[in-house]
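> Next comes the sequence, and after it the predicted model I'd like to discuss.
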Amino acid sequence: MDDDLQRLREERLRKIEARMQGGRGGVIEITDGTFQETVKRHPFLVIDLWAEWCGPCRMVAPVIEDLARDFAGRVTFGKCNVDQNRAISTQFSITAIPTLLFFANGMLIDRVVGALPKEAVRSRVMRAFPTG
C-alpha cells in the first residue's frame with residue numbers, strides 16, 4: 001500500500017512539474033506539499049522565494065527563467081510563492097524576498113537575499129554546483 005501511495009505521489013509530482021515547465025521556461029512551481037519530494041528528486045535545485053506584491057521579485061523572475069534554460073538538465077530552478085506556502089518560509093526563516101535557496105543533494109548549501117543581476121546569480125549557481 002505504501003509503495004502504491006509513493007508511486008501515485010511521484011506520478012502526480014511529474015505531471016505538475018511537466019505542466020509548470022511548459023509555462024515558465026523550465027521553472028517548476030514548488031509548494032509546501034511538493035517541497036520535500038522536489039528537494040529529494042533534484043540533486044541540484046535553486047528555489048526562488050517570491051510574492052506577487054514584491055517589485056524586486058518581478059525583476060528576479062526573468063533571471064531565473066533565463067538561467068533555468070541555460071542550466072537545463074544540470075540544475076533545476078523552482079519558484080515558491082511565500083504568501084501561499086508559509087511552511088517553507090517558516091522552515092527557512094525567510095524574512096526578506098526575493099530569497100534564493102540553493103540545495104545540493106537535499107541539503108541547503110547557499111542563500112542569496114535580494115535582487116541580484118543575472119551574472120551574479122549565474123556565478124553563485126556555478127560556485128554552488130559542480131555541474132554548472
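Alright, I've got the coordinates. Numbering: from 1, shown residues only.
> pLDDT score for Leu8?
Here the pLDDT value assigned to Leu8 is 73.
> Who are the contact partners of Trp50?
Neighbouring residues of Trp50 by CB atoms under 8 Å, 6 or more residues apart in numbering: 57, 60-61, 79-82, 97-98. (Glycine included, C-beta is placed from N, CA and C.)
> and the closest residue to it other than its chain neighbours, how many neighbours?
Spatial nearest neighbour of Trp50, chain neighbours left out: Cys57 (3.7 Å); criterion: CB to CB, 6 or more residues apart in numbering. For Cys57, the neighbour count with other CB atoms under 10 Å is 21.
> Quick check: Cys57 touching Thr99?
No - contact status for Cys57 versus Thr99: not in contact, 9.5 Å apart, counting by CB atoms under 8 Å.
> Now do the shared contacts for those two.
Contacts common to Cys57 and Thr99, judged by CB under 8 Å, 6+ apart, are Asp48.
> returning to what we had before: so what's the residue nearest to Trp50 up against?
48, 50-51, 97-98, 115 are the contacts of Cys57 under CB under 8 Å, 6+ apart.
> Out of these, which is nearest to Thr38?
For the contacts of Cys57, the residue nearest Thr38 by CB to CB is Asp48; the value is 13.0 Å.
> For the protein, which segments count as helices?
For the chain, helices defined by DSSP state H occupy the ranges 2-23, 35-41, 55-70, 86-91, 118-128.
> what would those look like in CSV with distance to Arg111?
Putting those into CSV (distance: least, CB to CB, whole Å) gives the following:
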stretch, distance to Arg111
helix 2-23, 23
helix 35-41, 14
helix 55-70, 14
helix 86-91, 13
helix 118-128, 10
